[in-house]
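Peer 1: structure, please.
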Amino acid sequence: MTYKIGVIGDKESIMPFKLFGFSVFYGISETVISESLDQMIEEGYGVIYITEACAKQVSQKLEKTRTLVTPAIVLIPDHDGSLGIGLSAVQKNVEKAVGQNIL
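Peer 2: Numbering: from 1, shown residues only. Predicted structure coming up:
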């Protein structure tokens, strides 16, 4: 089975992903981000990249999707740089899997 890959974020940060054939959803308001996320989940996307700034706005919705097998949601920095949210999420997952923080 093949899955689509999507990206949510501000235009400057995610425009390059279009070159790789990813579905790109521009949004900076909570409503647009939430609707884009819902649409991608409904359409069966396998991987969703979302900028940390956007993820911060819809953090409760993202928590609910963590129990789903798909999509895998990956936080990426935007054009202004990292907020540290993505790295923190990776550290929590490593700690959960290994039993301690090895990063």
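
Peer 1: kindly export stretch 9-21 (C-alpha atoms) in CSV.
Peer 2: The C-alpha trace of stretch 9-21 is given here as CSV (Å, rounded to 0.1, in the frame of the first residue of the first chain):
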residue,chain,number,x,y,z
GLY,A,9,3.1,25.2,7.6
ASP,A,10,3.8,28.8,6.4
LYS,A,11,4.4,29.3,2.7
GLU,A,12,8.1,30.2,3.1
SER,A,13,9.0,27.1,5.1
ILE,A,14,7.2,24.4,3.2
MET,A,15,7.3,25.6,-0.5
PRO,A,16,10.4,23.5,-1.2
PHE,A,17,8.5,20.3,-0.2
LYS,A,18,6.3,20.8,-3.3
LEU,A,19,9.4,20.0,-5.5
PHE,A,20,9.5,16.5,-4.0
GLY,A,21,5.9,15.8,-4.8
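
Peer 1: for the most centrally placed residue in the chain, helix, strand, or coil?
Peer 2: Centroid-nearest residue in the chain, with Cα atoms, centre = their mean: Ile50, separated by 3.0 Å. Per DSSP: H, G, I helix; E, B strand; the rest coil, the secondary structure class of Ile50 is strand.

Peer 1: how close does it sit to Val69?
Peer 2: 18 Å (Cβ to Cβ, to the nearest Å). Bear in mind the C-beta positions are built from the backbone N, C-alpha and C, glycine included.

Peer 1: on the three-state scheme, Thr31 is what?
Peer 2: Thr31 is classified as helix under three-state DSSP.

Peer 1: number of nearby residues for it?
Peer 2: Thr31 has 10 neighbours, counted by other Cβ atoms under 10 Å.

Peer 1: where do the helices sit along the chain?
Peer 2: 11-14, 30-42, 52-57, 59-65, 85-98 (DSSP state H).
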